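Q: have a look at this prediction, sequence included:
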Amino acid sequence: MAEALAMTYYCDVLCVWAYIGQARIDEVAKRFADQVSIDYRFCSVFGDTAHKMETTWAGRGGYAGFAAHLREAVAGFGHIKLHPEIWQRSRPVSSTPAHILIKAVQRVDKQQARAVLQELRLAFFERCLDISSQSVLMATLERVDVSAKDVQEVIASGVAHADLEADRRDQQALLVQGSPTILLNEGRQKLYGNVGYGVIEANIKELLRSPTSGAASWC
């Protein structure tokens, strides 16, 4: 059997565009189950939420303006729901605790990492819970039936932090601008932002059809 095509997917758990686009990643996993291997990596868009709001959104209504922006963004996507008090009732200070949790889950039970990611998104976007809170993170593991004890041991060992740092280091080396970003062909093909499924599929099919066509040039 031919080696699976490697696809790297960078996102921030608090990024609404990554939440919207997850359906496209799931479709890739479904249609190309035996042909594409998806590696979930994380980048920091909401590493310091307060700073983001004080700078990027200071003149555009702060948290309230950002919440209005999210409602506008999801208006055309029926598969996404937002809590009416998004970013008002609950304001996670950072996405980093959630990212560390998922990196630990990848060590404990990699097959469940995607489920934990999606459950964290539902907890925040639909139920308006603070996913920077340790209690919410642990409750998420319980909902997905992942051992909190095993995950906490990985976090306590420092391994999850090192794995997240590796994501950051590779992000810089691969010039990943933000969330969501799909990388194919060892980073030569980069799809950033709200990219339609057809574009993603076309890139995958071309690489599967001619896996050496994107090889580095000799010049």
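A: Thanks, I have it.
Q: is Ile38 in a helix, a strand, or coil?
A: strand (DSSP: H, G, I helix; E, B strand; the rest coil).
Q: likewise for Ala104?
A: Here Ala104 is recorded as helix under three-state DSSP.
Q: residues touching it, list them.
A: 151-152, 154-155, 159-160 (C-beta atoms under 8 Å, 6 or more residues apart in numbering). Where you see a C-beta, it was placed from the backbone N, CA and C, and this is true even at glycine.
Q: pull out the buried members of those.
A: For the contacts of Ala104, a burial check counting by 16 or more other C-beta atoms under 10 Å picks out 151-152, 154-155, 160.
Q: export these to TSV and tack on pLDDT and distance to His69?
A: TSV is the format used below for the buried ones among the contacts of Ala104 (pLDDT from 0 to 100; distance: C-beta to C-beta, whole Å):
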residue	pLDDT	distance to His69
Val151	98	33
Gln152	98	35
Val154	98	35
Ile155	98	33
Ala160	98	31
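Q: for the residues you listed, which one is nearest Gln171?
A: Nearest to Gln171 among those: Ala160, at 16.6 Å, using C-beta to C-beta.
Q: just how off-centre is the helix or strand where that closest one lies within its chain?
A: For Ala160, the host element (DSSP states H and E) is helix 159-173. Chain-centre distance of helix 159-173: 14 Å, with C-alpha atoms, centre = their mean, to the nearest Å.
Q: tell me which residues of it are tucked away?
A: Of the residues in helix 159-173, 160-161, 163-164, 167-168, 170-171 count as buried by neighbour count, 16+ other C-beta under 10 Å.
Q: and stretch 18-35, by the same measure?
A: Going by 16+ other C-beta under 10 Å, stretch 18-35 has these buried residues: 18-22, 24-25, 28, 32, 35.
Q: ok, stretch 142-159 next?
A: Result for stretch 142-159 [16+ other C-beta under 10 Å]: buried residues 144, 146, 151-152, 154-155.
Q: any idea how far apart the tips of that stretch sit?
A: 21 Å (C-alpha to C-alpha, to the nearest Å).
Q: next: stretch 29-45.
A: This stretch, stretch 29-45, spans 25 Å end to end (C-alpha to C-alpha).
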